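K.L.:
Just the structure for this:
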Amino acid sequence: MKDLLNRYGLLLTTVFAVLTGFWILVLVVLPNIYLFEHSFKPYLPVAELGGPKDVYSLDNYLTFFRSPIHISVFVWTVVYSALVTVICFLIAYPLAYYLSKVSARALLPTIFLLLFIPLWVSEVLRSFAWFIILALKGPLNASLLGLGIIEDPVRWISGFRGVIIGLVYTYVLFMLFPLYNAIQSLDTNQIEAAEDLGAPWWRTHWRVILPHAKPGIASGSVMVFMLSAGSILVPTLLASTNSRWFTEIIQQWMFESQDWNTGSAYAFLLLILCTVFVSVVMRVFRVKLSDIAK
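P.N.:
Okay, here's the model as predicted:
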């Protein structure tokens, strides 16, 4: 706070504090408290609200554990969100290394501009575009058939394939930029020293670059996983009849069944269980919150 006061003065610092407090309290904390409180109440007709049946209970949360289908959907959501995170890392790490240590500095603004351009388009439009591309008679199958790579059209929007492609495309930049910042801070002399000592390229990455990029990997992985698990637009547009996402169940409870209480319970279960999963994975890979905060 003292640094802010010294740098921006009392007026601007107050404005920053008020806007930040408004954002956190009014737009994040209070709505979540409202949903959390309603998640313990039963779904009742308006005439019975405030009556003897309107009491707090765990029934909305137990509804999830009583439904094997919903548990299965949640498990697959976590599994495929983790898969999306791994794929994003495999794509982003080589690109982040190239941008930070290989690419000419004069080309970086152009490359970053090309990476940012898709973000200027609405996620809905990008998902619709992928729906057209992945269609049975879409341009992807037409190109693969024309090149002779495949003999019959592939049903890309079948199972979770379309969802995985859409989520990777949507969230890969959230993995790229933390990795880029982490690798960029590595002294190039350390890489050159490893090469001078005879280390092959893969050992240099494994023993020098990856350990240094650990904070970026942790930060990017948490963001990509949580965003993928909580995505609703991409699964709605690119999922098939046999691939449901947990957020679609929450949406059905809230908007189709008009049962906001059970929907709120499912939303908090998604948040809690995903947080537990991330914490367990961080413990397994020996990643601390301080690594993510770097």
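K.L.:
Neighbours of F112, how many?
P.N.:
Residues near F112, counting by other C-beta atoms under 10 Å, number 14. For the C-beta atoms, the positions are set from N, CA and C on the backbone; glycine is no exception.
K.L.:
Tell me how far it lies from W201.
P.N.:
Relative to W201, F112 is positioned 25 Å away (C-beta to C-beta, to the nearest Å).
K.L.:
Equivalent analysis for A104, please.
P.N.:
20 Å.
K.L.:
more neighbours, these two?
P.N.:
W201 (10 against 7).
K.L.:
Just the pLDDT at the more buried one, thanks.
P.N.:
At W201, the pLDDT value in this model is 83.
K.L.:
pLDDT weak spots in the stretch 1-150 of the chain?
P.N.:
By pLDDT under 70, the weakly predicted segments of the stretch 1-150 of the chain are 1-5, 8, 46.
K.L.:
which residues does the most far-flung residue of the chain relative to its centre contact?
P.N.:
No residue in the chain sits farther from the centre than P52, which is 41.6 Å out by C-alpha atoms, centre = their mean. Residues counted as contacts of P52 (C-beta atoms under 8 Å, 6 or more residues apart in numbering): none.
K.L.:
Quick check: it vs L44, distance?
P.N.:
With C-beta to C-beta as the criterion, P52 and L44 are 10 Å apart.
K.L.:
do L144 as well
P.N.:
54 Å.
K.L.:
cool, and L108?
P.N.:
From L108 over to L44 (counting by C-beta to C-beta), the distance is 58 Å.
K.L.:
How about G220?
P.N.:
G220 is 44 Å from L44, by C-beta to C-beta.
K.L.:
Look at the two and report which has more neighbours.
P.N.:
Taking other C-beta under 10 Å, G220 and L44 do not tie; G220 has more neighbours (30 against 13).
K.L.:
just checking, the more buried one touches Y171?
P.N.:
No - with contact defined as C-beta atoms under 8 Å, G220 does not count as touching Y171 (9.3 Å).
K.L.:
Quickly list what's touching both of the two.
P.N.:
C88.
K.L.:
Let me see the contact set for the residue nearest the centre of the chain.
P.N.:
What sits nearest the mean C-alpha location of the chain, by C-alpha atoms, centre = their mean, is L227, with 2.2 Å. Under the criterion of C-beta under 8 Å, 6+ apart, the contact list for L227 reads T170, Y171, F174.
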